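J.: this one's structure only:
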């Protein structure tokens, strides 16, 4: 394993505590130590842990049948979840395929895009465009789209054809751009890449509306998503929104792109769909895409043994019903500004805090050595891993990641609490998160 890979939190799994039990926003390890889950694991546990209603729905389904193979049967849970998602997406997504996680969901999006172009007779559209500082999953197709060198470098040369363009980040705009023009400059980079490759070769543009692990809760700058929508439409390229991490209500709208007033052609969703109670994801497509595929083939040319797993769909139904009944997406939207304000107050006086950003319950802080130039800290300091360790010691689970600036340098800390976390729990997360950052910076002589 390379040095860079050792910097990745995914690789940092030595000497971890052993989990024993959980309830709501709290987890206990085998020694009895309590942690508050300030990141929902990797932005998954939208309802916290051991929700009795969700567990009962799963058990009831298991009592009837665990898994009715999708290509032999439909099921009540499958049909109900399909209707729920159509409703949550404002009927903009016409058809979907259910899988067992985010990577499979993105992979299915790619296959749907390729199947669509093939069905239309556009046989040259085989290449995808994606962005640097992005993360789309661990299967080879999704991994190849990801601009996350720490996780992709061992597999280079084995990926689908893809073109990488710069990310869209108002805090770190492209050279020559400002915070106000960051979106336009990033959209122009997409247009340039299409012109260079030839629009007739491009199947789709894949992007995270709010970048997750690879960038640290980076929202699309104002105007960017609409500009991308216009570019893709003009060139006959499918706009594919990867909402595995930022979707399903995490950012205060069920579709993350809803905030930007834009509808994609294809989108993925996963983590918050079933809240981690059982593995579940989905690839969704709009009516124009589905109509072409249905007319030519009658069905998606993608699926797996556990596609639309019945008990997993039942978990998704239960989670989504609770979110709707309790108005949790609206709560998340209202909490977003409060969380950023609270973090700002708790970290006041620390010059190393360069940016606090995000939407809803998907907030990150970025640490910098120089606030004026936005220069990141030396990556060899491994600040993000030290913060992760300090937070665990303090009884907080958060999600620090490194390399957000250039693939190696850059330290961010992501907070993604459950949608139903109480104000007291949110305050505890903020207080322990800020304390952990302060402790590490002081220990390193940086604050």
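T.: Cool, got the structure. Here the structure is a predicted model, which means the values were calculated and not measured. Residues are numbered from 1 along each chain as shown.

J.: ok, residue 16 - how many residues close by?
T.: 9 (other Cβ atoms under 10 Å). Any C-beta I mention is one placed from the backbone N, CA and C, and that applies to glycine too.

J.: Repeat that for residue 301.
T.: Neighbours of residue 301 under the rule other Cβ under 10 Å: 14.

J.: Check the nearest residue to it once chain neighbours are set aside and give its pLDDT.
T.: Leaving aside its sequence neighbours, residue 301 sits nearest to residue 115 (Cβ to Cβ, 6 or more residues apart in numbering; 5.0 Å). Confidence at residue 115, expressed as pLDDT, is 98.

J.: is it true that residue 115 touches residue 297?
T.: Yes. Using Cβ atoms under 8 Å, residue 115 is in contact with residue 297, at 6.9 Å.

J.: Which one of the two is surrounded by more residues?
T.: residue 115 (20 against 13).

J.: What strand or helix carries that one?
T.: Counting by DSSP states H and E, the element that carries residue 115 is helix 102-120.

J.: what's the offset of whatever helix or strand comes next after that helix from the middle of its chain?
T.: Moving toward the C-terminus from helix 102-120, the next helix or strand (DSSP H and E) is strand 127-131. When C-alpha coordinates are averaged (Cα atoms, centre = their mean, to the nearest Å), strand 127-131 and its chain have centres 17 Å apart.

J.: got a list of contacts for strand 127-131?
T.: For strand 127-131, the surrounding residues in contact (Cβ atoms under 8 Å, 6 or more residues apart in numbering) are 110, 113, 136, 145-147, 160-168, 190, 193-194, 197, 201-207, 237, 240.

J.: coming back round to it: report the angle between the helix holding residue 115 and strand 127-131.
T.: Angle of helix 102-120 versus strand 127-131, following axes from the mean of the first three to the mean of the last three Cα atoms, to 10 degrees, is 140 degrees.

J.: Helix 102-120: which residues count as buried?
T.: 102-119 (16 or more other Cβ atoms under 10 Å).

J.: Tell me which other helices or strands it touches.
T.: Applying 3 or more Cβ pairs under 8 Å, 6 or more residues apart in numbering; DSSP states H and E, we find helix 102-120 packed against strand 95-99, helix 140-145, strand 202-207, strand 238-243, strand 266-269, strand 281-285, helix 287-296.

J.: Please compute how far it lies from its chain's middle.
T.: Helix 102-120 sits 18 Å away from the centroid of its parent chain (Cα atoms, centre = their mean).

J.: Dig out what residue 49 forms beta bridges with.
T.: Note on residue 49: beta-bridge partners by DSSP bridges are residue 24.

J.: give me every residue that touches it.
T.: Contact partners of residue 49, counting by Cβ under 8 Å, 6+ apart, are 22-27, 37.

J.: Mind pulling up the pLDDT for residue 160?
T.: Residue 160 is given a pLDDT of 86.

J.: next one: phi and psi at residue 57?
T.: Taking degrees, to the nearest 10, you get phi -60, psi -40 for the backbone angles of residue 57.

J.: Now do it against residue 95, distance only.
T.: To residue 95, residue 57 is 24 Å away according to Cβ to Cβ, to the nearest Å.

J.: Looking only at neighbour counts, state which of those two leads.
T.: Per other Cβ under 10 Å, whichever of residue 57 and residue 95 has more neighbours is residue 57, with 22 against 19.

J.: My guess is residue 447 contacts residue 348. True?
T.: No. Residue 447 is beyond contact range of residue 348, at 11.9 Å (criterion: Cβ under 8 Å).

J.: The two: who's more crowded?
T.: Set side by side, residue 447 and residue 348 show more neighbours around residue 447, with 17 against 9, by other Cβ under 10 Å.

J.: ok, now which ones touch the more buried one?
T.: Neighbouring residues of residue 447 by Cβ under 8 Å, 6+ apart: 350-352, 438, 441.

J.: Dump the residues you listed into a markdown table; add distance to residue 307, neighbour count and secondary structure as well.
T.: As requested, the contacts of residue 447 are arranged in a markdown table below (distance: Cβ to Cβ, whole Å; neighbours: other Cβ atoms under 10 Å; DSSP: H, G, I helix; E, B strand; the rest coil):
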| residue | distance to residue 307 | neighbour count | secondary structure |
| --- | --- | --- | --- |
| 350 | 48 | 17 | coil |
| 351 | 51 | 14 | coil |
| 352 | 46 | 22 | coil |
| 438 | 47 | 17 | helix |
| 441 | 47 | 21 | helix |
